[in-house]
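> prediction below, plus the sequence it came from.
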Amino acid sequence: MATPQSEPVDPVLSARKEALSASLPEIAEVYKKRFARVKQSILDYYIQADKGRGTLALLEKAFSDAEYHHRHQTRKSGEPYILHPARVALMAAEAGLDQQTAIIALLHDLIEDTEITKEELRVTYGDWLVEVVEGLTKVTSKDRTAGGAAMATYRKLIYSTVKDLRTLEVKILDRLDNMRDLGFLSRRRQREISQETVTVYAPMAQRLGMQDIGDELIALGFRYMYPKRFKMRLEALKELIRKEQSHAAGLTAMLETVLKDLRRSGVRVEPRFRRISDLIYERKTLDKALVGIKVVVSKSGDCYRAMGAVHIRYRVVPNSIKDFISNPKPNRYQALHSEVFMGREPVSIQIVSQTMEQVNSQGVLARRQGSNEELVRYYQSYLDLLDHYSGDNNELRMEDVLRYGQMETLQTFTPKGDPYSFASGSSVLDFAFSIHTDLGLHCDGAIIGGRRVGRFQELHDGEVVQVLTHKAVQPNPAWLDNVRTTRAKLAIRRFLNTQAHQRAHEVGRRLFGAELARLGLGLEVLEARGDFLAALQSEGWSMAQFYQQVGQHKIQVRNFLLERNLLNAEEQARLAGRDEPTLLQRLKITRARARDPVLTIKGTEEAFIRLASCCSPLEGDDIFGVQDARGMTIHRAECVLLHKVPLEDRIRVDWEKDERLRERRLSISLSQDQPGLLYKVSKVMRDLRVNILDIGLNRDVRTGQSDIRMLTEEVSPKTFRTVVARLRDIKEVKKITALLATPGRQ
């Protein structure tokens, strides 16, 4: 794409351009010959590919149009701009893509960088070209913020990709050519473009299976983002490869001997070393370059024979066998993976056929029979994610959207056999959200291998997962720490934000009503005066927005009413505290507040509600809420910190009434770890005739802190309150916190 002309002038680049201009006629002739060679190479390829049966008229027309409309444009390097689309078209031709893809490559910058219109292109080439070129055209920031324009550009690119995969193919080739020519830009632009390449376009290339191009994009981005580190890591990698060559040669020779029976049909054994693109975010010092051995056979059936021969000769590392031939990765990657002990250390073995090797490195650019339907569905899922969270652009970044489907290392299945791939460390929750958002929001665990597991259970390769749901289950902030996929994180965050807004609205409405009751007013009386609604309109608030402002502690009701003179003299005196109620009136007010809490909460945290860590309130405790900018913090009535809060700023809160029998999971923090503490806890439970389903003592060696984790049988709220009171009487117990149990067991 063309580089913005508003970029600050780099003195080094200016000097370089001046030197070039000294011999401009000679350089122009060189560029002209270079373009002629590129053009002829492209034409020769399609003449040979079509074997004289096809016509090159439309391709030649595209060359003519590209030359004409880019005739006055140059790149930062000083070369004619036409060389850029010509090189992109040449890469498309060399990759074996069709003539239409080469035409797209030649014309991909016309709408963005020239005066030609979409209608003119449509008349000459048809709708198919206009749709793709439009998908490759950036959304300008004239009508959007810079971040919004970028997201709109990505959205348009992916939308066009879903309709025609050639959009993304050309975009990746376009970005590769730009990265190869990045040295003429300023350091700032080099870093900006490299960061976008590494976080957005390299993952897109990898998803299309273009492993070689993806690696080059990352390596080039690494070079420009961290030049010193790149040089240091590159030299270190070269030195390690040199040192490990003899060891690698020995391993390959041993495998060649084992596979001698397959050598007649063709087999190649070679070492696999780490690539510089693997080291971009590596923090520790590189100590090993060899990552394994690759075995290339002629046919797919020979892959299994080769693995059998290797496993007969060498001991296999348990659970290391992965069959990506019968279960290919979403980007079409196919291979057999295994680890065997060849000496003292395990060696990773990758076995592929010649066709698989080509597809694994080139992806969709490899010419093979097969549908792109799976890849199209994959990018449709990106588009769905972008559309679903279109209102959250302030939080949604493209690299986050792309990350949720990248770097899958394990494959799981639904009971019907549908495959889902995830990164290592993903949980049952990730699986549930990948199937459907509602399934994730109410996930109550899963059945894996005939056994019920919690929603945070880590997934393992090859598992069949049956998701369980419960209508009472809802996300809480702890869920965010137990998911890996961006889809799950965004869905949970969106639910929590919506819940927080609803809670803020509810709290604001109740607080406002409490203040009006204190004044002896009703909302209808205040609204009838007219000044109140006028005050809201002057702020641009609806009634709902006003409640939310109050609930989020952005405004205080008493200050709002006083500052805008919305009260008469008697009401102002009462609100200011000069008209003190009698003792009997104060008792009535206290009792009324106890009977009518501003808010009822569950026993767990949510987006707007936090349980104070200083006093760890539990269900049944007498509690108050304290507002701040982040929401409401719940304290026990006897909390020392709560007593420092003015009485009028304490908000009466109560627990939701829930008389169901439920399992209870508790964490009991200890002030000191002494022998017999488990016995003391067990004795309390035995005396109360409450069965313990699971109990254990955890010690943190670094801090010296200990805590007892305990899961009880199903008990009533009344019994639970008695259990907590008795446990708190144990002098070594510092605090007790509740962990989630069923429904929504972990």
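Received it, and whenever you're ready, just let me know what you need.

> can you confirm Leu237 is in a helix?
Yes: under DSSP: H, G, I helix; E, B strand; the rest coil, Leu237 sits within a helix.

> I'd like the numbering to begin with 324 instead of 1 from here.
Renumbered: residue one is now 324, and that last one reads Leu560.

> next, the contact list for it, please.
596-597, 599, 602, 609, 612 (CB atoms under 8 Å, 6 or more residues apart in numbering). Just so you know, the C-beta spots here come from the backbone N, C-alpha and C atoms, and that holds for glycine as well.

> these in strands, which ones?
In this view, the contacts of Leu560 that belong to strands under DSSP state E are Phe596.

> mind putting the contacts of Leu560 into a markdown table with distance to Gln657 and neighbour count?
Shown next, in a markdown table, are the contacts of Leu560 (distance: CB to CB, whole Å; neighbours: other CB atoms under 10 Å):
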| residue | distance to Gln657 | neighbour count |
| --- | --- | --- |
| Phe596 | 22 | 18 |
| Arg597 | 22 | 17 |
| Ile599 | 25 | 17 |
| Leu602 | 26 | 20 |
| Leu609 | 29 | 15 |
| Ala612 | 25 | 21 |
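
> now render the contacts of Leu560 as JSON lines, adding pLDDT and distance to Leu934.
Formatted as JSON lines, the contacts of Leu560 follow (pLDDT from 0 to 100; distance: CB to CB, whole Å):
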{"residue": "Phe596", "pLDDT": "94", "distance to Leu934": "52"}
{"residue": "Arg597", "pLDDT": "91", "distance to Leu934": "47"}
{"residue": "Ile599", "pLDDT": "89", "distance to Leu934": "48"}
{"residue": "Leu602", "pLDDT": "85", "distance to Leu934": "44"}
{"residue": "Leu609", "pLDDT": "79", "distance to Leu934": "45"}
{"residue": "Ala612", "pLDDT": "91", "distance to Leu934": "50"}
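
> let me have the contacts of Leu560 in JSON lines, extended by distance to Val1013.
Output for the contacts of Leu560, formatted as JSON lines (distance: CB to CB, whole Å):
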{"residue": "Phe596", "distance to Val1013": "60"}
{"residue": "Arg597", "distance to Val1013": "56"}
{"residue": "Ile599", "distance to Val1013": "60"}
{"residue": "Leu602", "distance to Val1013": "55"}
{"residue": "Leu609", "distance to Val1013": "56"}
{"residue": "Ala612", "distance to Val1013": "59"}
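
> relative to Tyr404, which of the contacts of Leu560 is nearest.
Tyr404 has its nearest neighbour among the contacts of Leu560 in Ile599, at 30.2 Å by CB to CB.

> so that closest one makes contact with Lys554?
No: contact status for Ile599 versus Lys554: not in contact, 10.4 Å apart, counting by CB atoms under 8 Å.

> which sections of the protein are below the confidence cut-off?
324-348, 374-377, 464-471, 689-732, 897-919, 952, 1024-1027, 1063-1069 (pLDDT under 70).

> mind checking the longest helix of it?
Longest helix of the chain, by residue count under DSSP state H: helix 809-842.

> which strands or helices does the host helix or strand of Ala412 pack on?
Secondary-structure assignment from DSSP states H and E places Ala412 in helix 406-417. Applying 3 or more CB pairs under 8 Å, 6 or more residues apart in numbering; DSSP states H and E, one finds that helix 406-417 contacts helix 347-373, helix 380-392, helix 422-430, helix 489-503.

> give me the buried positions along it.
For helix 406-417, the neighbour count (16 or more other CB atoms under 10 Å) marks 406-416 as buried.

> which residue lies nearest the spatial centre of this structure?
Thr809 (3.0 Å; CA atoms, centre = their mean).

> which residues does the residue lying closest to Tyr369 once chain neighbours are set aside contact?
Closest residue to Tyr369 apart from its sequence neighbours, by CB to CB, 6 or more residues apart in numbering: Gln422 at 5.5 Å. Gln422 sits next to 369, 377, 379, 381-382 when contact means CB under 8 Å, 6+ apart.

> most neighbours of all those residues, which one?
Most neighbours among the contacts of Gln422, by other CB atoms under 10 Å: Leu382, with 21 neighbours.

> how close does that residue sit to Asp367?
12 Å (CB to CB, to the nearest Å).

> same question, Ile434
29 Å.

> contacts for stretch 433-449 next, please.
324-325, 381, 384-385, 388-389, 392-393, 396, 404, 426, 430, 452-453, 456-457, 459-461.

> first vs last residue of that stretch, how far apart are they?
15 Å (CA to CA, to the nearest Å).

> in that stretch, what counts as buried?
Here stretch 433-449 shows 433-434, 436-437, 439, 441, 444, 448 as buried, counting by 16+ other CB under 10 Å.

> same check on stretch 668-686?
Quick answer for stretch 668-686 (16+ other CB under 10 Å): 669-676, 679-680, 682-686.

> go on, stretch 378-389?
381-382, 385-386, 388-389.

> export the buried residues of helix 406-417 to a markdown table and tack on distance to Leu560?
Shown next, in a markdown table, are the buried residues of helix 406-417 (distance: CB to CB, whole Å):
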| residue | distance to Leu560 |
| --- | --- |
| Leu406 | 32 |
| His407 | 31 |
| Pro408 | 34 |
| Ala409 | 34 |
| Arg410 | 28 |
| Val411 | 30 |
| Ala412 | 34 |
| Leu413 | 30 |
| Met414 | 26 |
| Ala415 | 31 |
| Ala416 | 33 |
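
> list just the nearest of these to Met533.
Of all the buried residues of helix 406-417, Met533 sits closest to Met414, with 11.0 Å by CB to CB.

> which ones are touching the closest one?
428, 496, 499-500.

> now for these, which pair is the farthest apart?
Pairwise over these, using CB to CB, the maximum falls at Ala428 and Leu499, 11.6 Å.

> looking at these two, which is more packed in?
Higher neighbour count among Ala428 and Leu499: Ala428, with 31 against 23, using other CB under 10 Å.

> so what's that one up against?
Counted by CB under 8 Å, 6+ apart, Ala428 has contacts 408, 411-412, 414-415, 493, 496-497.

> so the spatially closest residue to Asp584 that is not a sequence neighbour, which of the three states?
Among residues not flanking Asp584 along the chain, Ala632 sits closest, at 7.0 Å (CB to CB, 6+ apart). What three-state DSSP gives for Ala632 is helix.

> list the contacts of Ala632.
Counting by CB under 8 Å, 6+ apart, Ala632 has contacts 581-582, 584-585.

> can you check His765 too?
Contacts of His765 (CB under 8 Å, 6+ apart): 792-794, 796-797.
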